[in-house]
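Engineer: my questions are about this predicted structure, shown below with the sequence.
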4 protein chains.
Amino acid sequence: MTSTPTRSTPLNVGLIGYGFMGAAHSHAWRTAHRFFDLPASPVLHTIAGRTASAVADAAEQYGFARHTTRWQDLIEDPAIDVIDICTPGDTHHEIALAALAVGKHVLCEKPLANSVAESEEMARAAADAATRGIRSICGFSYRRTPALAYARQLVADGFVGEIRQVRAQYLQDWLSDADAPMTWRLDKDKAGSGALGDIGAHVIDLTQWITGTQIDQVSGTLATVVPTRPAAGTAQGLGGKGDASGERGQVTVDDVALFSARFAGGVLGAFEATRMAQGRKNAMRVEINGAKGSVAFDFERMNELEVYDATAPAGRQGFTRVLTTEPEHPYAAAWWPTGHGLGYEHTFTHEIADLIRAIGEGTDPSPSFAEALHVQRVLAAVEASDADGSRWTAVGPQHPTTEETTA
Amino acid sequence: MTSTPTRSTPLNVGLIGYGFMGAAHSHAWRTAHRFFDLPASPVLHTIAGRTASAVADAAEQYGFARHTTRWQDLIEDPAIDVIDICTPGDTHHEIALAALAVGKHVLCEKPLANSVAESEEMARAAADAATRGIRSICGFSYRRTPALAYARQLVADGFVGEIRQVRAQYLQDWLSDADAPMTWRLDKDKAGSGALGDIGAHVIDLTQWITGTQIDQVSGTLATVVPTRPAAGTAQGLGGKGDASGERGQVTVDDVALFSARFAGGVLGAFEATRMAQGRKNAMRVEINGAKGSVAFDFERMNELEVYDATAPAGRQGFTRVLTTEPEHPYAAAWWPTGHGLGYEHTFTHEIADLIRAIGEGTDPSPSFAEALHVQRVLAAVEASDADGSRWTAVGPQHPTTEETTA
Amino acid sequence: MTSTPTRSTPLNVGLIGYGFMGAAHSHAWRTAHRFFDLPASPVLHTIAGRTASAVADAAEQYGFARHTTRWQDLIEDPAIDVIDICTPGDTHHEIALAALAVGKHVLCEKPLANSVAESEEMARAAADAATRGIRSICGFSYRRTPALAYARQLVADGFVGEIRQVRAQYLQDWLSDADAPMTWRLDKDKAGSGALGDIGAHVIDLTQWITGTQIDQVSGTLATVVPTRPAAGTAQGLGGKGDASGERGQVTVDDVALFSARFAGGVLGAFEATRMAQGRKNAMRVEINGAKGSVAFDFERMNELEVYDATAPAGRQGFTRVLTTEPEHPYAAAWWPTGHGLGYEHTFTHEIADLIRAIGEGTDPSPSFAEALHVQRVLAAVEASDADGSRWTAVGPQHPTTEETTA
Amino acid sequence: MTSTPTRSTPLNVGLIGYGFMGAAHSHAWRTAHRFFDLPASPVLHTIAGRTASAVADAAEQYGFARHTTRWQDLIEDPAIDVIDICTPGDTHHEIALAALAVGKHVLCEKPLANSVAESEEMARAAADAATRGIRSICGFSYRRTPALAYARQLVADGFVGEIRQVRAQYLQDWLSDADAPMTWRLDKDKAGSGALGDIGAHVIDLTQWITGTQIDQVSGTLATVVPTRPAAGTAQGLGGKGDASGERGQVTVDDVALFSARFAGGVLGAFEATRMAQGRKNAMRVEINGAKGSVAFDFERMNELEVYDATAPAGRQGFTRVLTTEPEHPYAAAWWPTGHGLGYEHTFTHEIADLIRAIGEGTDPSPSFAEALHVQRVLAAVEASDADGSRWTAVGPQHPTTEETTA
């Protein structure tokens, strides 16, 4: 028996946050180089988290060699190459700026931050760091779903022709029950936004990315259908039953967001993000209609892309259910034989594979902080439009100002 | 062999218009009493249409005993019991008022009229006629799809619980091709409205009917994605290829309509009507999300209703694909064994069966002209909102006035 | 107002049987010439049935001018052009031979008869009558489903390439409940056969027709999963609840039939017909796999054909859900705009339209009695194989003989 | 920063084989303890493979600390606790017996072996080893798909009631193209069997496991639709294009297998395994029909189980699409929020988690070698039935003998 040498360069990872996202990212850092041919192999160096015992458990569970309750330890440790930010949105700004300042690559979960102002500063810092070879990426990981990456490729290749319309929904149901408990995701101070920012942001990013154009204007409406909920004992992020008998807390974010968007060039998009769609568990749906064809996707069937070819022979036209598990589909060749599906966590593995590749090749990965900033601006414009009776509102760098949003 | 006597009362039908709707209605008049136990049997008495040769052909094709080019002949003929109006919307007002005035029952295709003002007058005339035992109904025939009638029943019975949200789309694609020709449906003078009024009206009617509440406010956007089209030689209503090389006419109606609606009680609805959804042939979709369950429908699979029961045992929850061909489903017992689907034209047969029953029983059928008027007011409010930068706009009797729509 | 003359030739129809099939055929006779351009217009002349009051009611309900309890009256009436046989299988032979003998065209519901011997005689009589211009057709009406007719066209045009395999199921569930009552369909004397002959026959006919080849050999197994059932008070054909407390009758036919088939040329087919498939209401499924593509169908979604093109660009391959409501699809142009589905009864309307056309044009319609005889021979071969331990058994004219089926 | 101690017991893994299965198993060994709370943590100790350079690459790729070309090295190394056999079936017998003999736990990929005789010896050895606390398991990993494990639970809990019928298919298409190249999977000496043993075995195992009964008798037919194929340069297992111009090799296994099965108790099952189902990529389908309900599964949508409840209110019955990502579903709680699907490799992770748990708890995991032996006997009985004209053939320990299979 021969010992196996590790021939590839190690890439030391410091991860901050040990919740649902921490678990998903850890898995991706452990897995990416096992399936993709990468210029460096990640090492799970240190994990940081608020509570000592919990972060110790997480370290063992996820496979990190060290742990700490001070995220600043990671910034200060010269051995760490990449900072991966998996905490709630209100902390992103401070951590990311600190990491970029000391020359560490940054993977920041979405949303980039809880405000446009913070996001702008982060985007500037990232652009500046990029000139020094420091890479940054925002975690809109759904882009790395093979079906969606393939959708983008089809659109870019002209398959759908001139785009006629965009349609996107992110439907969940975990707040349909009025006694589903409070979580930090329903607290504006922590989460910044509700359905709009937490899930709507994904379809904003995806439709811009797939169409290759930005949203310029929006008309939107936000609602909080269930305004008070049982106070939760735990800080759990998603679902679960609260104590229905006790005190109720105030929900300070939207649970339904409806908006129309006008993309650069004039294409209209119909958007919806909701946590009131009883029975829809994770129905993130994106559809692009063009003069020559369409693509349609639903994350509840993440290994499928519906493809319509209007140039096919009359009589044989229809939506084709493509299982995006063929070698021709993005990322798929690294995995299993055709017809053997991938799961949710693969989107993170792909994201991290792409990030490692970008670091190795010295290129800027996407979505950049600047792209994420634009998503943030769209969110802010939806909020401004909602405050203005749903009037069409421009998405812009200066936005929103008091002058604009009060009539 | 014994001759078969006709034991039921004849009901003489005068039909105006011989296009696509004329064919569908004629079939229903011929068929309703063959499958339903009705108090009268329709007789296809006379058909009226603009062109002499065409109406003669239609009479033979559809089985009418007489034909004429003057619709007034039908009004004047005392033998005719019911006037069925299948002409474009600009003629509805005059014909319906004339028919009601002489005491004939009226089935008027949707839209009730091309303007709120005309619709108001018609609703008043119908209400007045009703006091004299004259019945009138507006042809929102999709209500008579068994799956949708069953959806309404489930909602009325409390199956979905408190309604959280409404979602409705009517997606077609026949205008995706910029060279699809002009038709009267794209001419505002004839059709009154485009995707909004022609197909959006259906989902407005359906969601109001299923939820049992009216839309109070809307915020909407209209667009004409392809503003000019080849002039068509024929007046065909749907689809077909124009002469791509020749002159192009101006499309004067919308081909995409996006709007949000607030129902009485505050429930939000996301609406879309479009003819730009490449690949969607007749995707009329309605979904009602409640605290306890959901129902979802797509006309492309008209024999199915998706039903979600949030009170089912954990682990077994999901959308149930109900084939609405069981004896328990509205209208279904009159037809075939379970699993043997119905088609588009059955919605008309059911509508006419219900109308004949209402006439026989002396009750007012639904949708009344008053209900159809409210749909018209919603359409007008969407147009007013669109003209006002998509601002939230009240749906109301006085609407729209200049005062309201300019801030 | 002008009276509408009837310009087309009348075709006088005599229908025997007033059950579920009588209703379906009557509708088709009333409707075919209203949507298709035919050389003659059917007249519902006389209906015959066993019970006087029931046949009188049926005559009025379905629109027949006369009625009788003696089917022989129809044979003897020189005014009647076509005899339509909608009775149980044990009566087909006598009626059809009588009708052909006096020179009447015959539409005989499937199965052609309850035995191969009777079927052979009927096929000979039909072939003989054809030489005198008399047309006959067996009612395998599912062939006239647009999606299946289109599937055949695609296969005939070489779209799927060399056929690799056939797969067909007819799944129903109305006998899953051990207390579903007896009906004549479960009585071998009346019905001849159970799931095999009643529903399996359809997929035998369809796969032979679509592939253009005959089944040569079978290996099959029959079972009666629930051997006794509550005696039913009524003679209802399908479903319904019996009197669970009372006497139980013996089921003398199969409720499950499984068989493999070898088509001429060697292609293998996997077949199943069952009434024990809980939840499957009318899942008649046919799939043809070829070297270059596939087609797949399920009657529960009768307006759809799944089409797979193995020559499509890699990455875009998948099953395409074709809504077979386009003008390019068989029969569809006669009906509604694209995306507006048809129902079960349209298959009969199409069948009768094709029959009238054949009568008018002097051609022999399909499926001929000879084709139906071959289906009967396949059924008999399955029964013989079942009796021989499921051994492969030849389908043939001489079949079955004692010599063959005992080893 | 604190170093993270590893608190759990290490479990040293020796893996043999570095193909597709080696990759899948390695991933599972790396991942199981990261998501499940296990009594031991696997250590990727040594990998063995035929070719020195390839096994060295695999070791680095998969994360094994050592590698060797002699599988015997793993047997001889006292540090190794578990032997994981991922080689073709012809080698299983020798390796497994050697491992069990020295007291190592064994995970053996399916098929257990290429013959019943070998399998019997392995089952005896495993039973014997079990008395000494040595655990063994055969890799029918699909059992660990949450949807299928949940299906079994529903059946065991009586949800479907008395079982009426079983239906199972494993449909693939990679041999539809006559120029798809030879692989070891088409060579009887290496693979033992074709579609029957490679994929049919899975649905045999699953249906026995879900119903809790064994198959007693079979009637089957095997075919090799494309008997010669281009000789492949590489030993790749699945798919790919051969050199179409060159020499063709003989396919010595079946590419289509059709069989009927009788389970203990008499329930009939319809089975099919094929690689000729053009367009079906990995359609492993299992359906159980009972008196009170049904469950249906298709691996192409592995995160869904279709559930039918015949006791639901009339009108609301239908197949419910359950997303098996709820905490109530087997294995699902270890992963992501509801609606976030799992992929193919999770079945291996679950399998290995269950094995580690069994080792830690001192219980025998399932499927045991004895269960796998029964699958092997079913396969052998199908082959014997095929050789005997598809006659019903008993599945048994003595099977097959010359006396039985020649008439």
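Structural biologist: Structure received. Residues are numbered from 1 along each chain as shown, chains lettered A, B, ... in the order given.

Engineer: so how far is the host helix or strand of A:Ala58 from its chain's centroid?
Structural biologist: Taking DSSP states H and E as the definition, one finds A:Ala58 inside helix A:52-62. Put simply, helix A:52-62 sits 25 Å off its chain's centre (Cα atoms, centre = their mean, to the nearest Å).

Engineer: next secondary structure element downstream of it?
Structural biologist: Following helix A:52-62 in sequence order, the next helix or strand is strand A:66-68 (DSSP H and E).

Engineer: chain center to that next one, what's the gap?
Structural biologist: For strand A:66-68, the distance to the chain centre is 26 Å (Cα atoms, centre = their mean).

Engineer: returning to what we had before: pull the residues that contact the helix holding A:Ala58.
Structural biologist: By Cβ atoms under 8 Å, 6 or more residues apart in numbering or on different chains, the residues outside helix A:52-62 that reach it are A:15, A:18, A:22-23, A:26-27, A:30, A:44, A:47-49, A:64-69, D:2, D:4-7, D:34. (Each C-beta comes from the backbone N, C-alpha and C, glycine too.)

Engineer: try it again with 10 Å
Structural biologist: Contacts to helix A:52-62, defined as Cβ atoms under 10 Å, 6 or more residues apart in numbering or on different chains, come from residues A:15-19, A:22-23, A:25-27, A:29-30, A:44, A:46-49, A:51, A:64-69, D:1-8, D:33-35, D:37, D:41.

Engineer: chain C versus A:Tyr308, what's the distance?
Structural biologist: Computed as Cβ to the nearest Cβ, to the nearest Å, the A:Tyr308 to chain C distance reads 9 Å.

Engineer: where does the stretch 101-250 of chain A have low pLDDT?
Structural biologist: Within the stretch 101-250 of chain A, the stretches with pLDDT under 70 are A:233-245.

Engineer: quick one: name the residues of it near chain B.
Structural biologist: Proximity of the stretch 101-250 of chain A to chain B (Cβ under 10 Å from any Cβ of the partner chain) is limited to residues A:160-165, A:167, A:169, A:171, A:173, A:175-179, A:217-223, A:225-226.

Engineer: show me where the stretch 151-300 of chain A has its strands.
Structural biologist: All strands of the stretch 151-300 of chain A, identified by DSSP state E, counting those that start in this stretch, fall at A:163-171, A:215-223, A:228-230, A:248-250, A:256-263, A:268-274, A:283-290, A:293-298.

Engineer: would JSON lines of those with mean neighbour count be doable?
Structural biologist: As requested, the strands of the stretch 151-300 of chain A are exported to JSON lines (neighbours: other Cβ atoms under 10 Å in any protein chain shown):
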{"stretch": "strand A:163-171", "mean neighbour count": "26"}
{"stretch": "strand A:215-223", "mean neighbour count": "24"}
{"stretch": "strand A:228-230", "mean neighbour count": "18"}
{"stretch": "strand A:248-250", "mean neighbour count": "16"}
{"stretch": "strand A:256-263", "mean neighbour count": "27"}
{"stretch": "strand A:268-274", "mean neighbour count": "27"}
{"stretch": "strand A:283-290", "mean neighbour count": "24"}
{"stretch": "strand A:293-298", "mean neighbour count": "25"}
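
Engineer: flag every buried residue along stretch A:119-131.
Structural biologist: A:Ser119, A:Glu120, A:Glu121, A:Met122, A:Ala123, A:Ala125, A:Ala126, A:Ala129, A:Ala130 (16 or more other Cβ atoms under 10 Å in any protein chain shown).

Engineer: how confident was the prediction at the residue in the stretch 151-300 of chain A that chain B sits nearest to?
Structural biologist: Nearest to chain B in the stretch 151-300 of chain A, going by Cβ to the nearest Cβ, is A:Gly279, at a distance of 3.3 Å. Note for A:Gly279: predicted pLDDT of 98.

Engineer: tell me, what residue is most central in chain A?
Structural biologist: Closest residue to the average C-alpha location of chain A: A:Phe140 at 2.7 Å, with Cα atoms, centre = their mean.

Engineer: grab the nearest non-local neighbour of that residue.
Structural biologist: Nearest non-adjacent residue to A:Phe140, counting by Cβ to Cβ, 6 or more residues apart in numbering or on different chains: A:Asp205, 4.4 Å away.

Engineer: how much space between that neighbour and chain C?
Structural biologist: 23 Å.
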